[in-house]
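A.B. asks: I'll drop the sequence and a predicted model, then ask my questions.
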Amino acid sequence: MTNTAGDPLLALNLEMMEQESAGNRDYFDALLAPEFAVRRGDLRTVVGRDAFLGSVSESTRRDTEDFEVVLSTDTLAVVRRWR
C-alpha cells in the first residue's frame, strides 16, 4: 500500500478508488461538488458528476500501489502512477 502519512490528498484519492470499486454511490454523492469532473484511466475520457455517479458500481479492486498526487492549481490535482 502506498504510504499516505502526511498526505491527506493522496489518502483521499486512495479512499475514493476503494469506494468506487465497492460501488458506493452514496459516498460520492455526499463528497463530490456539483462542478466535479474526472479524467478516466484511459487518459482521454472526461466525465462530469452525474455521469460519474451513474457509472459507479461494484467492480474489481483498483490497484492503489505507487500513486502520487500533484497539485496543478488551487482546484486541480493530477493523480499519477509512478512505477
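C.D. replies: Received, thanks. Numbers count the residues shown, from 1 in each chain.

A.B. asks: put the alpha carbons of the longest helix along the chain into CSV.
C.D. replies: With secondary structure taken from DSSP state H, the chain has its longest helix at helix 8-21. This file holds the C-alpha atoms of helix 8-21, laid out as CSV (Å, rounded to 0.1, in the frame of the first residue of the first chain):
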residue,chain,number,x,y,z
PRO,A,8,-4.3,13.8,3.1
LEU,A,9,-5.0,14.5,-0.5
LEU,A,10,-3.3,11.2,-1.6
ALA,A,11,-5.2,9.4,1.3
LEU,A,12,-8.5,10.8,0.0
ASN,A,13,-7.8,9.7,-3.6
LEU,A,14,-6.9,6.2,-2.5
GLU,A,15,-10.1,6.1,-0.4
MET,A,16,-12.1,7.2,-3.5
MET,A,17,-10.6,4.4,-5.5
GLU,A,18,-11.6,1.9,-2.8
GLN,A,19,-15.2,3.3,-2.6
GLU,A,20,-15.5,3.3,-6.4
SER,A,21,-14.5,-0.4,-6.5
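
A.B. asks: that helix packs against which elements?
C.D. replies: Secondary-structure packing of helix 8-21 (3 or more Cβ pairs under 8 Å, 6 or more residues apart in numbering; DSSP states H and E): helix 25-31, strand 67-71, strand 77-81. Any C-beta I mention is one placed from the backbone N, CA and C, and that applies to glycine too.

A.B. asks: lowest-confidence stretch among those?
C.D. replies: Mean pLDDT values for those show the minimum at strand 77-81, a mean of 63.
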